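Asker: Just need the structure, nothing else, for what follows:
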Amino acid sequence: MIPPLDIVILAAGKGTRMKSDLPKVLHPLAGKPLISHVLAAADQLKPRSICVIYGHGGETLPQAIARSDLAWARQEPQLGTGHAVQQAVPYLDPNAICLILYGDVPLTRYETLQEMTLIAREGAIALLTVYLANPTGYGRIVRNAHGQVERIVEQKDASPEELAINEVNTGILCLSAGKLSGWLARLGNNNAQKEYYLTDVIGMATDEGERVIPCHPAAEWEVLGINSRAQLAELERLHQRNQANQLMADGVTLIDPARIDIRGSLICGRDVLIDINAVFEGDVVLGDGVQIGANCVIKNVEIAAGVQIKPFCHLEGARIGANAVIGPYARLRPGTELAEETHIGNFVELKNAQVGFNSKINHLSYVGDASVGRKVNVGAGTITCNYDGVNKHRTIIEDEAFIGSDSQLVAPVTVGKGATLGAGTTLTRDAPAGQLTLSRARQLTLPGWKRPVKK
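Answerer: A predicted model of the protein is given here:
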C-alpha cells in the first residue's frame, strides 16, 4: 500500500527585515502571496492533508488564505524550525510520509517535490540540498568518508572546516511521519541560538542507520527564500523572466522579455506579439495572431484571434471577438463583450456593454449598461447616461444606427434600427427606426454683444 502524503508548511516567521506589519508570507510575488505559490505546488502532489504553521501576525494569515481544507497550527512562542514542526504532529498520520515546505520559498517545482516523495515512499529520507558559490547563512551538509549525508550543521555552530562546505541545506525534506514525530520529541536546544533545530533530525536519523538521500533542484531559484524586500524584488524579476522564456519557447514574440509582468495565468495562441511593459493579471487568453501594444494592463480578459490592442489600454473582465481593434487609450470594464471586427478607439470607456459585429465607437465616448447592435457608428463625445443617482438603466442601440457626435442617451432609451441621431442630441425618448431624431437649442447670434473687459 502506498503511504499517504501529509504536508507541513512553515509560515510563522516575523520577517523582521521586511519591515512590515504584514506577515512575510503574504507579500505578493507575481500578483499572489508567497504562500499561495507554495500551496499551489503542494496541491499538485494531492496530499492527504496540509498543515500550515503560523504565528507572527496572529490570525491575519488564516483569514487571508481562507481555505477550509487546510489545518492551521499556531506556534507561540517561536522557538525554531523543529519547534514549529512539533506543532503539526497532532495532524500527521504516523503511516504517512511528511513533506516539509516553507511559506517564503515560493518557486520550488512540482517535479522536484515529486521526486522527493518517491524517495520517501521507498523508506529513505529525501533531503533537498543545493551547491552555492556563497553559502553564507545556510546550514552546511556534512558527509562522511563514503560521501553519505551524516548531519547538518548551522552556520553559527559550524567549525572553520565546515564553513568551507558549499553544499547547503534548503530545509525542504520528506520522510516518514511516524519516525519524524519520534525524533522531534527528542530535540534539544543546546546550540548558539538556543532553538530547536529541525536539522538535528538528520543527525538522529543517520545515527539510527537511516538512509538520507540528497536531491538537487534543477535551478538555484527553486530554493531561494525571501527575507527582505530587495530579495523579493530580485525573485520577482527572475520569476517573470522564467515565464517570459517559456512564452518565447512556445512561439510568442516579446519585444523585450525583461519588460513583461504576468500576475496570473496567460495562455497564448500562435504568433502572438506582446510589446513592452504589458501587465497580465488573473486569467488571460490571447488567440492566434493577437497583438498587444506597449503599456497595456489586461486582467481576466479573453481575446480572440487577430485582435489588435493598441498602446495604453486598460482591459478588465471583457471578451473581445476576432479581428477587433482596440485603443489606444481605451478602457474596457467588466461585463464588456465585443463581437468580431469591432473598433473601440482612443479615450473610449465601456462598462457592461455588448457591441455587435463591425460596430465602431472611435473617439472620446462612454458607453455603459448598453446593448449596441451590428454596424453601428457612435460619434465622438457620445455618452450613455445610465445612472440616475440610485439605479442603473440600460440603453439599446439597434443595428445600423448612427449616433451623431456629442450625443447623450438618457437611459432607459432605445435607438431603433437604422435610426440617425443628429449631433448634439440629448435623447430622452425612444428614437424610431430609420428616421432622423435630433434635439438642439435654436442657434442665436446676438448683435452688439461684447466680451467683458477686466477692470
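Asker: What average pLDDT does stretch 228-237 get?
Answerer: Averaged over stretch 228-237, pLDDT sits at 96.
Asker: Same question for stretch 419-437.
Answerer: 97.
Asker: how long is that stretch end to end?
Answerer: End-to-end distance of stretch 419-437: 8 Å, with C-alpha to C-alpha, to the nearest Å as the criterion.
Asker: Would you check the distance separating it from the middle of the chain?
Answerer: 46 Å (C-alpha atoms, centre = their mean, to the nearest Å).
Asker: SS state for Ile298?
Answerer: strand (DSSP: H, G, I helix; E, B strand; the rest coil).
Asker: What's the separation between it and Gly264?
Answerer: 10 Å (C-beta to C-beta, to the nearest Å). The C-beta positions use only the backbone N, C-alpha and C, and glycine is treated the same way.
Asker: what's stretch 39-52 in contact with?
Answerer: Contacts to stretch 39-52, defined as C-beta atoms under 8 Å, 6 or more residues apart in numbering, come from residues 4-9, 11, 35, 61-62, 65, 67, 69-73, 88, 91-93, 96, 99, 101, 103, 108-110, 113-114, 117.
Asker: still on that earlier bit, more neighbours, Ile298 and Gly264?
Answerer: Ile298 (23 against 14; other C-beta atoms under 10 Å).
Asker: bridging residues for the closest residue to that one other than its chain neighbours?
Answerer: Nearest residue to Ile298 in three dimensions, chain neighbours excluded: Leu315, at 4.9 Å (C-beta to C-beta, 6 or more residues apart in numbering). Counting by DSSP bridges, Leu315 forms beta bridges with Ile298, Leu332.
Asker: hang on, isn't Leu315 packed against Leu332?
Answerer: Yes. The criterion here is C-beta atoms under 8 Å, and Leu315 meets it with Leu332 at 4.5 Å.
Asker: what do these two both touch?
Answerer: Common neighbours of Leu315 and Leu332 (C-beta under 8 Å, 6+ apart) are 301, 326.
Asker: Touching both of Ile298 and Gly264, which residues are there?
Answerer: Both Ile298 and Gly264 are contacted by 280-281, 284, under the criterion C-beta under 8 Å, 6+ apart.
Asker: Out of the residues you listed, which sit inside strands?
Answerer: 280-281, 284 (DSSP state E).
Asker: would you list these in JSON lines and tack on neighbour count, distance to Tyr196 and pLDDT?
Answerer: What follows is these, written out as JSON lines (neighbours: other C-beta atoms under 10 Å; distance: C-beta to C-beta, whole Å; pLDDT from 0 to 100):
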{"residue": "Phe280", "neighbour count": "25", "distance to Tyr196": "43", "pLDDT": "98"}
{"residue": "Glu281", "neighbour count": "19", "distance to Tyr196": "41", "pLDDT": "98"}
{"residue": "Val284", "neighbour count": "23", "distance to Tyr196": "45", "pLDDT": "98"}
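Asker: got those as JSON lines, with distance to Ala185 columns?
Answerer: Listed next are these as JSON lines, based on distance: C-beta to C-beta, whole Å:
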{"residue": "Phe280", "distance to Ala185": "48"}
{"residue": "Glu281", "distance to Ala185": "46"}
{"residue": "Val284", "distance to Ala185": "49"}
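Asker: which one of the residues you listed sits closest to Ile361?
Answerer: Val284 (22.7 Å; C-beta to C-beta).
Asker: May I have the residues that are in contact with that closest one?
Answerer: With contact set as C-beta under 8 Å, 6+ apart, Val284 has these partners: 264-267, 298-303.
Asker: Low-confidence stretches in the stretch 1-150 of the chain?
Answerer: For the stretch 1-150 of the chain, no stretch has pLDDT under 70.
Asker: just so I have it, where are all the helices in it?
Answerer: 34-44, 60-65, 81-86, 110-121 (DSSP state H, counting those that start in this stretch).
Asker: Indicate which one of those helices is closest to Lys454.
Answerer: That would be, of these and by C-beta to C-beta, helix 60-65, which comes in at 59.9 Å.
Asker: and the protein, what are its domains?
Answerer: 5-223, 252-437 (automatic domain parsing).
Asker: Just send those back as JSON lines, with distance to Lys454 too.
Answerer: Converted to JSON lines, the domains of the chain look like this (distance: least, C-beta to C-beta, whole Å):
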{"stretch": "domain 5-223", "distance to Lys454": "55"}
{"stretch": "domain 252-437", "distance to Lys454": "31"}
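Asker: Quick one, which of these gets closest to Pro447.
Answerer: domain 252-437 (24.0 Å).
Asker: Endpoints of that closest one, how far apart?
Answerer: Start-to-end, domain 252-437 (C-alpha to C-alpha) is 49 Å.
Asker: Could you do stretch 190-203 as well?
Answerer: First-to-last residue span, stretch 190-203, C-alpha to C-alpha: 14 Å.
Asker: ok, and what's touching stretch 57-64?
Answerer: Stretch 57-64 has contacts (C-beta under 8 Å, 6+ apart) with 11, 21-23, 25-26, 33, 35, 52, 54, 70, 72.
Asker: re the thing from before, out of the domains of the chain, which comes closest to Leu446?
Answerer: domain 252-437 (19.8 Å).
Asker: does Lys179 count as helix, strand or coil?
Answerer: Per three-state DSSP, Lys179 ends up helix.
Asker: Highest mean neighbour count out of the helices of the stretch 1-150 of the chain?
Answerer: helix 81-86 (a mean of 23; mean count of other C-beta atoms under 10 Å).
Asker: Now do that one: which elements does it pack against?
Answerer: strand 5-11, helix 177-185 (3 or more C-beta pairs under 8 Å, 6 or more residues apart in numbering; DSSP states H and E).
Asker: Can you tell me which of the contacts of Val284 are classed as buried?
Answerer: 266, 298-303 (16 or more other C-beta atoms under 10 Å).
Asker: Take the contacts of Val284 and lay them out in TSV including pLDDT.
Answerer: Output for the contacts of Val284, formatted as TSV (pLDDT from 0 to 100):
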residue	pLDDT
Gly264	95
Ser265	96
Leu266	98
Ile267	98
Ile298	98
Lys299	98
Asn300	98
Val301	98
Glu302	98
Ile303	98
